[in-house]
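S.K.: Starting from these lines, generate the structure:
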Amino acid sequence: MTSLSPNLFLEKFDANKHSNSIKTFNCGNKDCNNFIREAAAIYQKEDLGCTYVLLNEKQNVVAYVTVSMGALKFRDPDLALILNSEEKPNHLPALRIGRIGTILSEQNKGHGKTLIKIVISLYEELRQKLGARCLIVDSVPEKVEWYKKLGFKPLFNDTTGRSTIPMYLRP
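M.R.: Numbering: from 1, shown residues only. Reported below is the predicted structural model:
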């Protein structure tokens, strides 16, 4: 467990240890709630993603983020220009943010931003060890502005009619 402040801690999700805390996890998004309650442990067991949780002083989960390895697939060669790539590869390796959520009572207190900073640090470490070109996320439309404030950019200019908006960050 890593202490981030006197009453906020970070650790890797452990379904057994955090089972009571996640039963009532409610971030206002049904998919994110269901993921932490039902799928996060399976994703970790199957090496599909790794979930990190923010805990309060009572050891309750107040926020989480799930990350995995990913890639940007280029169907249009011009997309490589967005990332200033000298090569025009078919794929760019990336660290993907799969899910992120904060319980309703703790929203707007900077927990999501804290988790993104932690993911950026993880990205930097992985970039040096394995190679990764950027962070990617498929944002729901209502969270695009939040990601933009953190430096993410939409991958496409026209996002009309999309259920999720692919975004990237090159820290």
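S.K.: Okay, and the beta partners of the closest residue to residue 164 other than its chain neighbours?
M.R.: Of all residues not flanking residue 164 in the chain, residue 138 sits nearest, at 4.0 Å (Cβ to Cβ, 6 or more residues apart in numbering). The way it works is simple: take the backbone N, C-alpha and C, and place the C-beta from them, glycine included. The partner list for residue 138 in beta bridges (DSSP bridges) reads residue 166.
S.K.: contacting residues around residue 171?
M.R.: Neighbouring residues of residue 171 by Cβ atoms under 8 Å, 6 or more residues apart in numbering: 120, 123-124, 135, 151.
S.K.: Most neighbours among those, which one?
M.R.: For the contacts of residue 171, the largest neighbour count, defined by other Cβ atoms under 10 Å, is 26 neighbours, found at residue 135.
S.K.: Looks to me like it is in a strand.
M.R.: Yes: counting by DSSP: H, G, I helix; E, B strand; the rest coil, residue 135 is found in a strand.
S.K.: Is it correct that it is in contact with residue 119?
M.R.: Yes: assessed by Cβ atoms under 8 Å, residue 135 is found in contact with residue 119 at 6.6 Å.
S.K.: Overlap in contacts, the two.
M.R.: Residues touching both residue 135 and residue 119 by Cβ under 8 Å, 6+ apart: 95, 97.
S.K.: thinking residue 147 is in contact with residue 137, fair?
M.R.: Yes: counting by Cβ under 8 Å, residue 147 touches residue 137, with 6.4 Å between them.
S.K.: Tell me which of the two has more neighbours.
M.R.: The neighbour count for residue 147 versus residue 137, taken as other Cβ under 10 Å, is higher for residue 137 (27 against 23).
S.K.: about what we covered before: any common contacting residues for residue 147 and residue 137?
M.R.: With Cβ under 8 Å, 6+ apart as the test, residue 147 and residue 137 both reach residue 167.
S.K.: Find the residue ranges of this protein scoring beneath the pLDDT cut-off.
M.R.: Applying pLDDT under 70 to the chain picks out residues 74-89.
S.K.: could you pull out the helices for this structure?
M.R.: Under the criterion DSSP state H, helices of the chain are mapped to 15-23, 30-34, 40-45, 79-82, 111-129, 144-149.
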